[in-house]
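Asks: Can you look at this prediction? I've put the sequence above it.
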Amino acid sequence: MDIGGLLARPPAPYGLDPARVQALAWQGAGWQQPLVSPPGPVGVMQLLPETAAWVSDDIVGAPLDVAGSASDNVEAGAALLSWLIDHAGSEELALAYYFQGQGSVERSGVQPTTQRYVDSVLAIRGHIVRYGGPPGP
């Protein structure tokens, strides 16, 4: 599967900038669907299974196989990011919510690790816009 191509065309209903989706996926998983991180996020968009289930039920309204399907994983990640942008009011805060969790950010503020993550996603996005792809490994 061409993950780069899939990310370059995020699901239309969410109205997301493809470079933003590509950057988020590069930062989290390097565009690797089989990746499962130690705390439990899976796939290209690094979604926790419980978050993916909520997105599937409450935002998308259809079952999504985020562990087995890169397409479903990207759809769930795009749906979540779009929802977070709508609720956060800014791209940076939405990215912090995506990484740290909305409740955690609201309770504790943006943690230093989260700020580094947000800064990295934004830098990767800039690289993608300038050069047509993510930075080399």
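Replies: That came in fine, so what should we check first?

Asks: in this structure, which spans are helices?
Replies: 3-8, 18-29, 49-54, 70-88, 91-100, 102-108, 112-131 (DSSP state H).

Asks: Which of the ones you listed sits closest to Gly43?
Replies: Of all these, it is helix 70-88 that lies closest to Gly43, at 3.6 Å by Cβ to Cβ. Glycine gets a C-beta too; all of them are placed from N, C-alpha and C.

Asks: Specify the angle between that closest one and helix 91-100 in degrees.
Replies: 130 degrees (axes from the mean of the first three to the mean of the last three Cα atoms, to 10 degrees).

Asks: Give the other helices and strands that helix 70-88 contacts.
Replies: helix 3-8, helix 18-29, helix 49-54, helix 91-100, helix 102-108 (3 or more Cβ pairs under 8 Å, 6 or more residues apart in numbering; DSSP states H and E).

Asks: if we go to 7 Å?
Replies: helix 3-8, helix 18-29, helix 91-100 (3 or more Cβ pairs under 7 Å, 6 or more residues apart in numbering; DSSP states H and E).

Asks: now the angle between helix 18-29 and that helix, please.
Replies: 110 degrees.

Asks: Pull out the buried residues from helix 70-88.
Replies: 70-85, 88 (16 or more other Cβ atoms under 10 Å).

Asks: For Val118, find the nearest of the helices and strands packed on helix 70-88.
Replies: The nearest among the helices and strands packed on helix 70-88, by Cβ to Cβ, is helix 91-100 at 4.6 Å.

Asks: which other residues reach the closest one?
Replies: By Cβ atoms under 7 Å, 6 or more residues apart in numbering, the residues outside helix 91-100 that reach it are Leu80, Leu81, Leu84, Ile85, Ala88, Val105, Val110, Gln111, Thr114, Tyr117, Val118, Val121.

Asks: can you check stretch 14-34 too?
Replies: By Cβ under 7 Å, 6+ apart, the list of residues contacting stretch 14-34 reads 3-4, 7-10, 35, 43-46, 70, 73, 77-79, 81-82, 117, 120-121, 124-125, 128-129, 134.
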